[in-house]
Structures are given as C-alpha cells and as structure tokens.
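[1] With the input below, show me the fold.
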Amino acid sequence: MRIAMIGLGRMGANIARRLMRGGHEIVAFDRNPPLVDMLAGEGATAAASLEEVAAKLESPRIFWVMLPAGPPTESTIEMLMGLASPGDIIIDGGNSFYKDDIRRAKLCAMKGLHYVDVGTSGGVWGLDRGYCMMIGGDAATLDSLDPLFEAMAPGFGTIARTPDRGGPNEDTRAEKGYIHAGPAGSGHFVKMVHNGIEYGLMQAYAEGFDILKGKSSAKLPEDERFDLNLTDIAEVWRRGSVISSWLLDLTATALAKDQMLEQFSGQVADSGEGHWTIEAAMEEAVPAYVLSAALFTRYRSRVYTTFGDKLLSAMRFGFGGHVEMPQ
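    Next up, the predicted model:
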C-alpha cells in the first residue's frame, strides 16, 4: 500500500521505516526538510508540501498524521480536509485528545472522508519491536487498512497465549498487538488511559527505589541503615519477580549506567494524557487515587525534586527519548 507519513519525528520516521520494511510505499513530509531527505535516502518518496503529498498519492489516498497533539495536528488535519477527496482516509496516529477526534470525524464525514484515530505505543523501540495500536473508526475503513497495521504490529511473538480467549466478541488481532477499539475517538481514549496507567506504574517504581536509596540515610539509627546496591536490586527483580516489566528493564539499564542518575534533574514532564485520564475519571465518577497522585507528583517535581523523580525521567527517556522540563 502507498501512504503519506506527515511528521517525521522520533515516532513518525520509525513508523515509516517499519512500514517500508513491510513492503509498503511511503510519501514522506515534514516541515524540516533534512528529515524528509533522510527518509528519502532510505527509499521513501519525498514531498515538499502537503499539496505535493496529495498529488503523489492515488485514490483512495491515505494520510497518516504523526504530530504533537494540539495546534500542529489540528491545523494539519484542517489543511488535509481541504485537499482530500471523498473516500480518502485521514489517520491521526499521535496522542490527540479523544474528544477532538470525535469532532474531526464528524467534519470529515460531512466531506465524505474517513477519519481514524490510532493510539500508538512503542516509543523509540517500535521500529524493531513493533507498535501496540488501539484504533478508532468505522470497521470497513479499518479493514481496508489492516495490511498497514499488521506490518506495524509486533505480531504473536513469543508471548504465551492467554487461556480461555476466543469468544465471539473478541478481536483476534489483539494477540498480534492491535485492536479495533470502537468508533472514532475510542482509540485515543484507550491510549489515554494506557498512559495514565503508565504514570501510576512508573510512580510505584520511583517511590520504591527512593525508599531503597533512603535506607542509608543518616537520619536512621546506625544499626538500621543499609547501603543497598540499587543496580543489583533492579537486575534481580527482572528475573522471576512478580514486578518484572519493560519499565523495570529500563530502570535497570539507567541504574547500571549511573546509580545516582546524575544526568537527570528530576523535573518530570507530562504530555497531557495523564491529565485527560483524571478528567475522564471525574466525568465518570471513578476514583483514581494512584493515577491522580502520580500526575500531581510530576507537577510537584517542578518545585522540588527527589531521587524518585530522577528515575521517572530516566524511564521516560528510556522508552520514548523524552527530555525533561527546561530548568
């Protein structure tokens, strides 16, 4: 299939590369020409404008937008709606607010366009590991795009199959790493909650390692102080422990490089999904104590920091290449 990739940052460029590895053709566009040139050197077709992107695709055209949520995505999709023809497909693969997807899908439908939202997880590792995708939109459009999603997804891999799956209402593609979550907006809603959970999981590791590090504090009785090796603890927990995970793998890697995490200030950034998750919890009257505390901890880290905050930044850098708040 031939698809336009609009936005060639960390995620967009690697998604394009993985699709090309799967035999698909990419028309590449970014406002930063060197990024376009780099991908063109790897086999993509370069485009210097959105108009040129549209001209280099055949109907029905597929436009994948991979830009930061907010004005960059909003303005780009608005321009694409003006360039697209009935039957064309606009995909937002970033981290947009799901209510924006619902609104955009209605506008697209009025023009005869199909709108798909793809919550995409995998970070900078997705090129080789594959991407976990939570997809919203109408079933017929998603089925037409299935070869793209299958090329991007991790596939069955070596993960054991879950017992008792196989019911009539289950999406068999879940075992490959992608699902049709529901109508427009549902893909980004599921990804939003995924990221809210991610905040809570990361916070649990951060607090735990902060407690381990603090056990050598001079504030404690001398016979109760332990000078614990955090690198060894992270490593042993990776092997057979019930709290082993990819986040723990990234923690172990960061601590092995520098047990004090000196390269990080501990001023932890957030990308909005944690905030939106708490908003959804309030709308639904669902208690979300852990996720709320994890979000507010990130806000607090911009006032004063702890070792745990440094570990949060280290994990964010590990899975997504995310940088800290400016100091």
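[2] all contacts plus neighbour counts: C-alpha atoms, from now on.
    Fine.
[3] For the residue most central in space within the chain, which non-adjacent residue is spatially closest?
    Nearest to the mean C-alpha position of the chain, by Cα atoms, centre = their mean, lies Ser121 at 3.6 Å. Among residues not flanking Ser121 along the chain, Cys132 sits closest, at 5.1 Å (Cα to Cα, 6 or more residues apart in numbering).
[4] Spit out the contact partners of the one you found.
    Residues near Cys132 by Cα atoms under 8 Å, 6 or more residues apart in numbering: Thr120, Ser121, Gly122, Ala153, Pro154, Gly177, Tyr178.
[5] got the phi/psi numbers for it?
    Main-chain torsions, Cys132, degrees, to the nearest 10: phi -80, psi 130.
[6] now swap in Ile26 and tell me
    With angles defined as degrees, to the nearest 10, Ile26 sits at phi -120, psi 130.
[7] now swap in Thr120 and tell me
    Torsion angles, degrees, to the nearest 10, at Thr120: phi -120, psi 120.
[8] repeat for the one 5 residues further on
    The phi and psi torsions at Trp125 (degrees, to the nearest 10) take the values phi -90, psi -10.
[9] Including distance to Ile15, pLDDT and secondary structure, could the contacts of Cys132 go into JSON lines?
    Converted to JSON lines, these look like this (distance: Cα to Cα, whole Å; pLDDT from 0 to 100; DSSP: H, G, I helix; E, B strand; the rest coil):
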{"residue": "Thr120", "distance to Ile15": "10", "pLDDT": "97", "secondary structure": "strand"}
{"residue": "Ser121", "distance to Ile15": "11", "pLDDT": "96", "secondary structure": "strand"}
{"residue": "Gly122", "distance to Ile15": "10", "pLDDT": "93", "secondary structure": "coil"}
{"residue": "Ala153", "distance to Ile15": "10", "pLDDT": "98", "secondary structure": "coil"}
{"residue": "Pro154", "distance to Ile15": "12", "pLDDT": "97", "secondary structure": "coil"}
{"residue": "Gly177", "distance to Ile15": "15", "pLDDT": "97", "secondary structure": "coil"}
{"residue": "Tyr178", "distance to Ile15": "14", "pLDDT": "98", "secondary structure": "strand"}
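[10] Make a PyMOL selection of the buried ones in those residues.
    If you want just the buried ones from the contacts of Cys132 in PyMOL, going by 16 or more other Cα atoms under 10 Å, the selection is:
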select buried, resi 120+121+122+153+154+177+178
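[11] my guess is the residue nearest to the centre of the chain contacts Ile135, does it?
    No. Look at Ser121 against Ile135 with Cα atoms under 8 Å: they stay out of range, at 11.4 Å.
[12] Please name the residues that touch Val27.
    Val27 neighbours (Cα under 8 Å, 6+ apart): Arg2, Ile3, Ala4, Met5, Ala44, Thr45, Ala46, Ala47, Val53, Lys56, Leu57.
[13] Do you know the pLDDT at it?
    The score at Val27 is 98. That number is its pLDDT.
[14] List the neighbouring strands of the one helix or strand it maps to plus their orientation.
    Secondary structure from DSSP states H and E places Val27 in strand 25-29. Paired with strand 25-29 in the same sheet, following DSSP bridges, are strand 2-6 (parallel), strand 45-46 (parallel).
[15] Now tabulate those in TSV and tack on mean neighbour count.
    Output for these, formatted as TSV (neighbours: other Cα atoms under 10 Å):
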stretch	mean neighbour count
strand 2-6	24
strand 45-46	20
